[in-house]
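In: Got a predicted model here, sequence first, then my questions.
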Amino acid sequence: MSTRSTSTVPRAWRSLACALLVAGSLAACGDDNDSSTTGSSSTPASTAPTSSPTPAAPAAVVLGVQGVDYGYVLSQPSVPAGPVRIDFSNPGKEYHMLEGGLLLAGKTIADVQKALMSDDQGAFATVFAEPDGEALGGPNVLAPGAATSVTVTTFKPGTYAFLCFFSVKGTQAPHFTRGMLTSLEVTAATSPAPAEPTADAEISIDEKGITGVEALKSGKGTFKITNTGTRPHSLPVLAYVGDTTFEVADKYFEDTLDKGKPESPNPPARIEGGLSRLAPGAVTYLHLDLKPGRYAVLDIEGSTDEEEAPEYYKVNPKTSKFEFTVV
Ligand SMILES: [Cu+2]
């Protein structure tokens, strides 16, 4: 069976929205039959001229995005394809996310709005290039006051739409209904394109786990993250408060972000960005500057053992979750 979800919200994005990043929370997010994932779109490689001397690479492109209650403030309306550093910050009082993807040619934010409000299960497929949620490798969700920085390498020319699926506190209304829906124009890559960032360490993620993750202990630096697996992977950063445990934090996020219970003035943990879904074979750079404290990163897409975790793909605590202390 390859029935689609009854929700009009793309499955993969819904899992971020209703959830979190943690095993227990995912139970409520429904199943994820990836039976329709066949064949990836292939972009023809551009043939670069080889004879002319290469001019120096231009400076890195930086896109600032503030997620406010409720809307996005972008530092610029467009960026060129090629590496783009996204500095995502949350000066608001609620959790925010920056999920989205490339629209089909000619589609606009108005079309996205229409699709979001539609009961038609196929509505997203008429608007988004990847209707089940694009694995852009952008920033993960942010607690109030948090910020995160990633350099994505996967932008293609076209119009992107970004939106936030969290609900307005105390209501069922998603943030995108209150203004957290925006577009970004991605223009053709400059020639030459900016160089990719210089990495202090390399981390790879696949279905078996995370390799090289110990490098994050430093809490600072640029980490090149490669998805060497066959399905999307993510690496959100969880900041523990006090001497809390993962289980306590997991339960808390399940209750608040997932089930909509009131947040505590003294939460046991905060989600401070990190990497959102990254496509197989793709690369993103995570720029970290963590304050001293205890942290965890975890890949919610880590296991493909659906028999063992029929509720959803479950975090493999041995290989897909890493807890560390920054001193
Ligand atoms: Cu939001």
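Out: Sure thing, it's come through.
In: got the residues of the stretch 101-250 of the chain near the ion?
Out: C164, F166, H175, M180 (CB under 5 Å from the ion). C-beta coordinates here come from the backbone N, C-alpha and C atoms, glycine included.
In: ok, now which ones touch the second one?
Out: By CB atoms under 8 Å, 6 or more residues apart in numbering, the contact set of F166 is A17, E94, Y95, H96, M97, V141, P174, H175, L257.
In: Closest one of those residues to G158?
Out: G158 has its nearest neighbour among the contacts of F166 in M97, at 21.0 Å by CB to CB.
In: Is that closest one in contact with G138, as I believe?
Out: No - M97 is beyond contact range of G138, at 9.4 Å (criterion: CB atoms under 8 Å).
In: Overlap in contacts, these two.
Out: Common neighbours of M97 and G138, counting by CB under 8 Å, 6+ apart, are S276.
In: which residue is nearest the centroid of this protein?
Out: S276 (2.2 Å; CA atoms, centre = their mean).
In: got a list of what that residue touches?
Out: L16, M97, L98, E99, L136, G137, G138, P139, N140, V141, S234, P236.
In: Try it again at 7 Å.
Out: With contacts defined as CB atoms under 7 Å, 6 or more residues apart in numbering, the neighbours of S276 are L16, E99, G137, G138, P139, N140, S234.
In: Out of these, which comes closest to the ion?
Out: E99 (9.8 Å; CB to the ion).
In: So what sits opposite that closest one in the bridge?
Out: On the basis of DSSP bridges, E99 takes part in beta bridges with L163.
In: Hmm, it is touching Y160, no?
Out: No - at 10.7 Å, E99 does not count as touching Y160 under the criterion of CB atoms under 7 Å.
In: Tell me the most packed of the residues of the stretch 101-250 of the chain next to the ion, by neighbour count.
Out: Of all those, the highest neighbour tally under other CB atoms under 10 Å goes to C164, namely 28 neighbours.
In: May I have the phi/psi pair for that residue?
Out: With angles defined as degrees, to the nearest 10, C164 sits at phi -120, psi 130.
In: Which per-residue confidence value corresponds to it?
Out: For C164, the model assigns a pLDDT of 95.
In: who are the neighbours in contact with it?
Out: Here C164 is in contact with G67, H96, M97, H175, F176, M180 (CB under 7 Å, 6+ apart).
In: Have a look at this protein and report the helix or strand with the lowest mean pLDDT.
Out: helix 23-26 (a mean of 30; mean pLDDT, DSSP states H and E).
In: Please report the separation between the first and final residues of stretch 262-282.
Out: Using CA to CA, to the nearest Å, the end-to-end distance of stretch 262-282 comes to 37 Å.
In: quick one: that stretch to chain centroid distance?
Out: The chain centroid and the centroid of stretch 262-282 are separated by 9 Å, computed with CA atoms, centre = their mean, to the nearest Å.
In: what's the answer for stretch 143-152, then?
Out: 11 Å.
In: For burial, what's the neighbour tally of the residue of the stretch 201-327 of the chain found nearest the ion?
Out: Taking CB to the ion, the ion has its nearest neighbour within the stretch 201-327 of the chain at L257, 10.8 Å off. For L257, the neighbour count with other CB under 10 Å is 25.
In: so it sits right up against Y95, yeah?
Out: Yes - here L257 reaches Y95: they are 6.1 Å apart, a contact under CB under 7 Å.
In: that older thread, out of the contacts of F166, which is most surrounded?
Out: V141 leads the contacts of F166 on contacts (other CB under 10 Å) with 30 neighbours.
In: thought it was touching M97?
Out: Yes - if you go by CB under 7 Å, V141 and M97 touch, sitting 4.3 Å apart.
In: still on that earlier bit, just the contacts of F166 now: which is nearest I205?
Out: If you rank these by distance to I205 using CB to CB, V141 comes first, at 18.0 Å.
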